[in-house]
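Asker: would you be able to build a 3D model of this:
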Amino acid sequence: MTCPTNEFRLLPVPLTCDIDPVFHEATSIIPTQVFELFPSVLVTMIPGVVNVCSVDGNTSLLTACVSGESTHAHHHFELVLKGVFPMQIHAISLAMFASLVAPFGGFLASAIKRAYGVKDFDSIIPGHG
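Answerer: Got it, this is the predicted structure:
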């Protein structure tokens, strides 16, 4: 899947191609603007989140914030993920979406049965008890 071939050979040869970036490890995936949606108190509780500060108001000089340092001013939050593939993030987000939406199918089926006053779907769809 990462290195497809379009030809059939009797004896296999090594495949050479550029791997899609989705299959490379990423160091940071989540954009910093996402953290602006939430209160800073909640963001600091997320493991791996770094509070990035500007030094003396100079936005070109950014560093991790040091507590109590008077020259540091909050600039943005950053989540650093190491050894994570973007494909894994996509899979997790799709799984979370499916787990949130799936129960509504059961709710819809229950609403249909109540509307028609039936105990199970066998009277509406034969063979479905």
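
Asker: next, count neighbours for Phe35.
Answerer: 20 (other Cβ atoms under 10 Å). For the C-beta atoms, the positions are set from N, CA and C on the backbone; glycine is no exception.

Asker: how is it assigned, secondary-structure-wise?
Answerer: With DSSP: H, G, I helix; E, B strand; the rest coil as the basis, Phe35 sits in helix.

Asker: contact partners for it?
Answerer: 43, 49, 76-79 (Cβ atoms under 8 Å, 6 or more residues apart in numbering).

Asker: could you turn the buried ones of those residues into a PyMOL selection?
Answerer: Restricted to buried positions by 16 or more other Cβ atoms under 10 Å, the PyMOL selection for those reads:
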select buried, resi 43+49+77+78+79
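
Asker: going by distance to Ala64, which of the contacts of Phe35 wins?
Answerer: Ala64 has its nearest neighbour among the contacts of Phe35 in Glu78, at 9.0 Å by Cβ to Cβ.

Asker: show the backbone phi and psi for the closest one.
Answerer: Phi and psi for Glu78, reported as degrees, to the nearest 10, are phi -140, psi 140.

Asker: now the strands for this structure?
Answerer: 49-55, 58-64, 72-79 (DSSP state E).
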